[in-house]
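J.: generate coordinates for the sequence data below:
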Amino acid sequence: MKHIYILFSVVIMIIGLHSCSNESADIPDFAVSLDMEQVIEMKGDTFVCKKNEMIKFVLSGNPDMLTYYSGKAGSEYKYRDRTISPGIPKMQFTTQEKNGEVVKDVIHVYVSTTFPGITNDEETDRENIRNMSYWKEITELCELPNKKNTTSTSPWIDLTEYKTEPFYLAFRFLQTKAAGKEANWTFSNLQIVNETETTQSVLGTFGTIGLTAFDMNADHDPYLADAGDTDKNNKRWDLKSLGSNKIMVGGSSGNTIDNDDWVISSSLELNKCEPDRGVAIKGMSDAILTEQTEMYEETGKYVVTFVGINSKFETRKEQVREIYLEIVE
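T.: Next comes the predicted model:
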């Protein structure tokens, strides 16, 4: 009898679990309208409102979750899955020279779409780096300091011609021991961006582009980054401040060695962009949401989108509601 009871309980449990697993989420039933106090005109299904006035969206229904897209740059529902954009990639950084003498042709900046990348095989990398057919020099575009103890910021450098290929960026410190006292060179605030009509996506900084140092004249490990040691064996790039978007080189008071020191990025894609993002304004455990407000500071046309989501077990259902706005002076 005991065995029959256990078997009966197991059957009931299986039936219950099967019943639960068959339950699916309902399509969210909710509506969005506009508080007409802010509306000055209707153009078909488009609400015309004035800029710099708070607009109230009135919500009814109770989806489990709600995500809101304001329609502003960076928050457009139609771009929620966009990761590639035909924008304008460009680059800017700041350079500081201190203490030493400014020697012409000490700093070189290169870009490449054909460099094979760092392999971590010393002889292969040495051969590839010194192959100048891979590199295009853009030093003149960077407007580096030409006087002692000065700081300069480059103009925005257009990288459009490189955007369809893997892109590499390299800095080179090239100074012979006969050239005199080395200056301290600090490069900071690198911004590689892809600028579209509506957004500017940051593609890289010194801290995120995967820099590798390589000392062409090293008599031991050429990949070592300088940790403050200025011995005669290696004169290396200082990469301790990558997290602060900064790299440094130079500064040897004796300058007793010839220097040919590179720092090279990993491969970058210049046509990438961040997908637009909505804001989660209601979660499953939150109270019913009855309104959402937004102010628009720029004139233009906007598509405001609310995405209602119901979720149960392994099922998820969505419903999209849109409001068309035109913002005027």
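
J.: please count neighbours and contacts with C-alpha atoms only from this point.
T.: Will do.

J.: ranges for the helices of the stretch 101-250 of the chain?
T.: 122-130, 139-142 (DSSP state H, counting those that start in this stretch).

J.: would TSV of the ones you listed with mean neighbour count, distance to K104 and mean pLDDT be doable?
T.: Shown next, in TSV, are the helices of the stretch 101-250 of the chain (neighbours: other Cα atoms under 10 Å; distance: least, Cα to Cα, whole Å; pLDDT from 0 to 100):
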stretch	mean neighbour count	distance to K104	mean pLDDT
helix 122-130	15	20	96
helix 139-142	14	11	97
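
J.: can you list those in a markdown table and add distance to G204?
T.: Listed next are those as a markdown table, based on distance: least, Cα to Cα, whole Å:
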| stretch | distance to G204 |
| --- | --- |
| helix 122-130 | 22 |
| helix 139-142 | 17 |
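
J.: what's the closest of those to S265?
T.: When these are compared by Cα to Cα, helix 122-130 sits nearest S265, at 12.0 Å.

J.: looking at the helices of the stretch 101-250 of the chain, which is closest to I55?
T.: That would be helix 139-142 among the helices of the stretch 101-250 of the chain, by Cα to Cα, at 45.2 Å.

J.: neighbouring contacts of that closest one?
T.: I107, H108, V109, Y110, T153, S154, P155, I157 (Cα atoms under 8 Å, 6 or more residues apart in numbering).

J.: if we use 6 Å, what do you get?
T.: H108, V109, S154 (Cα atoms under 6 Å, 6 or more residues apart in numbering).

J.: using CSV, write out every CA atom in it.
T.: In CSV, the C-alpha atoms belonging to helix 139-142 read as follows (Å, rounded to 0.1, in the frame of the first residue of the first chain):
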residue,chain,number,x,y,z
THR,A,139,52.7,61.9,-37.6
GLU,A,140,52.2,65.3,-39.3
LEU,A,141,48.4,65.1,-38.8
CYS,A,142,48.9,64.7,-35.1
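
J.: from the chain's centre, how far out does that helix sit?
T.: Relative to its parent chain, helix 139-142 has a centroid offset of 24 Å by Cα atoms, centre = their mean, to the nearest Å.

J.: and T94, backbone torsions?
T.: phi -110, psi 140 (degrees, to the nearest 10).

J.: got the contact list for it?
T.: Taking Cα under 6 Å, 6+ apart, one finds S152, T153, F187, S188 in contact with T94.

J.: one more time with 10 Å
T.: 142-145, 151-155, 186-191, 246 (Cα atoms under 10 Å, 6 or more residues apart in numbering).

J.: for E318, same thing?
T.: 25-29, 63, 65-66, 307-311.

J.: would you list those in JSON lines and tack on neighbour count and pLDDT?
T.: Listed next are these as JSON lines, based on neighbours: other Cα atoms under 10 Å; pLDDT from 0 to 100:
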{"residue": "A25", "neighbour count": "17", "pLDDT": "83"}
{"residue": "D26", "neighbour count": "15", "pLDDT": "88"}
{"residue": "I27", "neighbour count": "15", "pLDDT": "90"}
{"residue": "P28", "neighbour count": "22", "pLDDT": "91"}
{"residue": "D29", "neighbour count": "14", "pLDDT": "91"}
{"residue": "P63", "neighbour count": "24", "pLDDT": "94"}
{"residue": "M65", "neighbour count": "21", "pLDDT": "95"}
{"residue": "L66", "neighbour count": "23", "pLDDT": "96"}
{"residue": "V307", "neighbour count": "20", "pLDDT": "97"}
{"residue": "G308", "neighbour count": "24", "pLDDT": "96"}
{"residue": "I309", "neighbour count": "24", "pLDDT": "95"}
{"residue": "N310", "neighbour count": "21", "pLDDT": "95"}
{"residue": "S311", "neighbour count": "18", "pLDDT": "90"}
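
J.: coming back round to it: closest to M284 out of the helices of the stretch 101-250 of the chain?
T.: That would be, of the helices of the stretch 101-250 of the chain and by Cα to Cα, helix 139-142, which comes in at 51.9 Å.

J.: stretch 241-251: end-to-end distance?
T.: 16 Å (Cα to Cα, to the nearest Å).

J.: can you pull the domain assignment for the protein?
T.: 26-82+276-328, 88-264 (automatic domain parsing).

J.: and the first one, how far apart are its ends?
T.: The separation between the terminal residues of domain 26-82+276-328, taken as Cα to Cα, is 39 Å.

J.: mind checking pLDDT for T67?
T.: T67 carries a pLDDT value of 97.

J.: what's the closest non-adjacent residue to it?
T.: Of all residues not flanking T67 in the chain, A280 sits nearest, at 4.4 Å (Cα to Cα, 6 or more residues apart in numbering).

J.: low-confidence ranges, the protein, go.
T.: Along the chain, segments meeting pLDDT under 70 span 1-22, 102-103, 178-180, 226-235, 252-256.

J.: what residue lies at the spatial centre of it?
T.: V202 (3.9 Å; Cα atoms, centre = their mean).

J.: might one say that it is in contact with L268?
T.: No: between V202 and L268 there is no contact under Cα atoms under 10 Å: 11.8 Å.

J.: sounds good, over and out.
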